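> Here is my input; please provide its structure:
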Amino acid sequence: MDGTVKCSANYVPLSPISFLERSAVVYRDRLSIVHENVKFTWRQTRDRCLRLASALTHLGISCGDIVAALAPNIPAMYELHFGVPMAGAVLCALNTRHDSAMVSVLLKQSEAKILFVDYQLLDVAKGALEIMSKASAKLPHLILISDRRSLAPEILEYDSFLATGESNFEIVWPNDEWDAISLNYTSGTTSRPKGVIYSHRGAYLNSLASVLLTEMTPMPVYLWTLPMFHCNGWCLTWAMAAQGGTTFA
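A predicted model of the protein is given here:
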């Protein structure tokens with residue numbers, strides 16, 4: 001017997017982006033992120049991620065481009081896990097414990113076009129860019145994540161960057177579920193860090209595996225202790241969206 005013909009009616013590439021799309025409807029008014037005095041619902045998180053994706057495309061980011069992030073577990077870091085792939089780009093979450101020399105190596109190797117950096121790690125990022133500049137390497141565009149607008153007024157700030165995007169942005173879904181969603185680097189304890197690619201399909205399946213293995217119920221509450229830069233938080237960044245959970249960062 002002949003098999004069915006794969007078409008849009010019976011096949012959609014797997015992607016964790018779909019978790020956010022669902023939660024923004026099913027759990028729209030439930031809290032998605034809590035960080036100190038900051039609180040967002042799933043509907044607001046989707047809106048912010050769409051604006052992020054839109055702003056990235058305005059800055060020239062397109063499919064397959066690398067967007068790096070050097071930040072701890074904060075709302076922006078969580079939003080980058082959705083906003084970057086929604087623009088068709090690949091997220092590269094860097095280890096916050098690396099020094100400027102190592103960050104410069106990874107930025108150069110990944111050919112990251114944008115670097116989002118938390119204000120606490122700004123000196124590390126500036127040091128990395130200085131090293132790259134001396135080596136005549138192409139520098140990524142720097143965007144600062146900070147609630148202190150006067151800290152570095154010469155650098156574009158994250159929320160101001162989001163304001164340049166539109167909430168009606170059309171998501172860039174992967175044409176192939178094997179397309180890359182993230183680029184992670186090993187710790188480099190025994191040698192230089194090595195890049196590891198996650199696909200949309202792999203991240204989707206591992207997210208659901210995390211839900212099953214931890215017996216995660218719908219609408220869980222999760223206090224982040226695992227760094228989101230570490231294997232994308234073992235894909236729990238996306239798994240929390242799958243279950244409409246609340247992230248305490």
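
> what residue lies at the spatial centre of the chain?
The centroid of the chain falls nearest to residue 81 when counting by Cα atoms, centre = their mean (2.3 Å).

> State the distance from that residue to residue 188.
Taken as Cβ to Cβ, to the nearest Å, the spacing of residue 81 relative to residue 188 amounts to 22 Å. Every C-beta, even on glycine, is put in place using the N, C-alpha and C of the backbone.

> confidence score at residue 2?
The confidence metric pLDDT takes the value 66 at residue 2.

> now the helices: where do they sit in the protein?
Taking DSSP state H as the criterion, the chain carries its helices at 17-26, 42-58, 75-86, 100-110, 122-134, 158-162, 200-213, 231-234, 236-242.

> Export the ones you listed to JSON lines and append columns for distance to residue 193.
Output for the helices of the chain, formatted as JSON lines (distance: least, Cβ to Cβ, whole Å):
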{"stretch": "helix 17-26", "distance to residue 193": "27"}
{"stretch": "helix 42-58", "distance to residue 193": "25"}
{"stretch": "helix 75-86", "distance to residue 193": "19"}
{"stretch": "helix 100-110", "distance to residue 193": "6"}
{"stretch": "helix 122-134", "distance to residue 193": "14"}
{"stretch": "helix 158-162", "distance to residue 193": "25"}
{"stretch": "helix 200-213", "distance to residue 193": "20"}
{"stretch": "helix 231-234", "distance to residue 193": "13"}
{"stretch": "helix 236-242", "distance to residue 193": "20"}
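
> Now those helices in TSV, please, with extra columns for distance to residue 92 and mean pLDDT.
As requested, these are arranged in TSV below (distance: least, Cβ to Cβ, whole Å; pLDDT from 0 to 100):
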stretch	distance to residue 92	mean pLDDT
helix 17-26	17	98
helix 42-58	13	98
helix 75-86	9	98
helix 100-110	5	96
helix 122-134	13	97
helix 158-162	17	96
helix 200-213	14	97
helix 231-234	10	95
helix 236-242	14	97
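
> ok, and the closest non-adjacent residue to residue 71?
Nearest residue to residue 71 in three dimensions, chain neighbours excluded: residue 118, at 3.9 Å (Cβ to Cβ, 6 or more residues apart in numbering).

> And the one you found, how close does it get to residue 223?
Relative to residue 223, residue 118 is positioned 19 Å away (criterion: Cβ to Cβ).

> Would you mind telling me which of those two has more residues around it?
residue 118 (20 against 10; other Cβ atoms under 10 Å).

> I'd say that one and residue 74 touch.
Yes - applying Cβ atoms under 8 Å as the test, residue 118 and residue 74 come out as touching, 6.5 Å apart.

> what residues do the two have in common as contacts?
Listed contacts common to residue 118 and residue 74 are residue 145; contacts here mean Cβ atoms under 8 Å, 6 or more residues apart in numbering.

> Restrict stretch 54-65 to CA atoms and write it as PDB.
The C-alpha trace of stretch 54-65 is given here as PDB (Å, rounded to 0.1, in the frame of the first residue of the first chain):
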ATOM      1  CA  SER A  54      10.800  41.900  14.700                       C
ATOM      2  CA  ALA A  55      13.600  44.100  16.100                       C
ATOM      3  CA  LEU A  56      16.200  41.600  15.200                       C
ATOM      4  CA  THR A  57      15.000  41.500  11.600                       C
ATOM      5  CA  HIS A  58      15.100  45.300  11.500                       C
ATOM      6  CA  LEU A  59      18.700  45.000  12.500                       C
ATOM      7  CA  GLY A  60      19.500  42.700   9.500                       C
ATOM      8  CA  ILE A  61      19.200  39.300  11.200                       C
ATOM      9  CA  SER A  62      18.000  36.600   8.900                       C
ATOM     10  CA  CYS A  63      17.700  32.800   8.800                       C
ATOM     11  CA  GLY A  64      20.700  31.000  10.200                       C
ATOM     12  CA  ASP A  65      22.400  34.000  11.700                       C
END
